[in-house]
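Peer 1: curious how this folds, go ahead:
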Amino acid sequence: MDKTDFQPDTRCTIAWRAPDGRVRPASLYVYRVYDGFLVARLTGGDGRLRKITYPEVLKIVAATEVPPDDRYFVPAALLEESFWRDRVAMEHCASSPARGK
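Peer 2: Numbers count the residues shown, from 1 in each chain. Modelled structure (predicted):
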């Protein structure tokens, strides 16, 4: 896998090698795509933002573009490439008056 296989603001179902070494299915919301990794949220998991490197992704099963009204937003500073240089995962909690949270 590489950068061209992913697009920002898409939901993907993938097979990936988790940090514990097991191959697992995962549903992702992809925020940003960089040369060496992508920043995504596991939608079926703990809700953390994660840095996922391309060699960890074994197969893309499905990918769907998210309409603008249904996109998840995170502050741009948390998605910068330099912010993720030394991180693997991060919890971020936010609320939105538009979503009624």
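
Peer 1: every contact and neighbour count from this point should use C-alpha atoms.
Peer 2: Fine.

Peer 1: pull the helix or strand with minimum mean pLDDT from this structure.
Peer 2: strand 89-90 (a mean of 88; mean pLDDT, DSSP states H and E).

Peer 1: check which helices and strands that strand sits against.
Peer 2: Other elements packing on strand 89-90 under the criterion 3 or more C-alpha pairs under 8 Å, 6 or more residues apart in numbering; DSSP states H and E are strand 49-53.

Peer 1: which residues sit against the strand it packs on?
Peer 2: Contacts to strand 49-53, defined as C-alpha atoms under 8 Å, 6 or more residues apart in numbering, come from residues 36-42, 84, 87-92.

Peer 1: ok, the residue most central in space within the chain - contacts?
Peer 2: For the chain, the residue nearest the mean C-alpha position is residue 40 (1.0 Å; C-alpha atoms, centre = their mean). Residues near residue 40 by C-alpha under 8 Å, 6+ apart: 28-32, 49-52.

Peer 1: ok, now with 6 Å
Peer 2: 29-31, 49-50 (C-alpha atoms under 6 Å, 6 or more residues apart in numbering).

Peer 1: let me know the closest of those to residue 70.
Peer 2: Proximity of the contacts of residue 40 to residue 70 (C-alpha to C-alpha) peaks at residue 29, which lies at 11.3 Å.

Peer 1: touching, the closest one and residue 41? I think so.
Peer 2: Yes. Counting by C-alpha atoms under 6 Å, residue 29 sits close enough to residue 41 to count as a contact (5.2 Å).

Peer 1: tell me where the chain has helices.
Peer 2: When assigned using DSSP state H, the chain turns out to have no helices.

Peer 1: which strand is the longest one in it?
Peer 2: When the chain is scanned for its longest strand (criterion: DSSP state E), the result is strand 23-33.

Peer 1: got the buried residues for it?
Peer 2: Taking 16 or more other C-alpha atoms under 10 Å as the basis for neighbour counts, the residues of strand 23-33 that come out buried are 25-33.
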